[in-house]
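S.K.: here is the input, now give the coordinates:
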Amino acid sequence: MGATRMDLRTHIEIDGRDFLLGGDRDLVDVMSQIEAAAASPPAFVHLSIGDEMVSVLIHSHTRVVISVEREHPPTSPLDPPTPLISDWEM
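M.R.: Next up is the predicted model:
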């Protein structure tokens, strides 16, 4: 069972500062905007979550890291690990 879009949280770290991307934003579109801004003269990229918005000036030396994580851990239990050595009968 895969995670739905609402189960995922996207963080965009720009020059060491973390921003949370709103779930209604298209991540591929935001990545394209960042790439375009980095390849041109400095340009602003707008990031939002809910009613909050931040504008970040992106240039060719800006360091951007994007990570997507589950908002909540899975509700189903994980399978127990398989032992590397099976039990020996004595």
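S.K.: give me the below-cutoff pLDDT ranges for this structure.
M.R.: 1-6, 72-90 (pLDDT under 70).
S.K.: strands of that one, start to end?
M.R.: For the chain, strands defined by DSSP state E occupy the ranges 8-14, 17-21, 43-49, 52-58, 64-70.
S.K.: in CSV: those strands, plus distance to residue 30 and mean neighbour count.
M.R.: Where you see a C-beta, it was placed from the backbone N, CA and C, and this is true even at glycine. Listed next are the strands of the chain as CSV, based on distance: least, Cβ to Cβ, whole Å; neighbours: other Cβ atoms under 10 Å:
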stretch, distance to residue 30, mean neighbour count
strand 8-14, 7, 16
strand 17-21, 7, 14
strand 43-49, 7, 16
strand 52-58, 11, 14
strand 64-70, 8, 12
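S.K.: other residues contacting stretch 29-49?
M.R.: Contacts with stretch 29-49, where a contact means Cβ atoms under 8 Å, 6 or more residues apart in numbering, come from 12, 19-23, 25, 53-60, 62, 64, 66.
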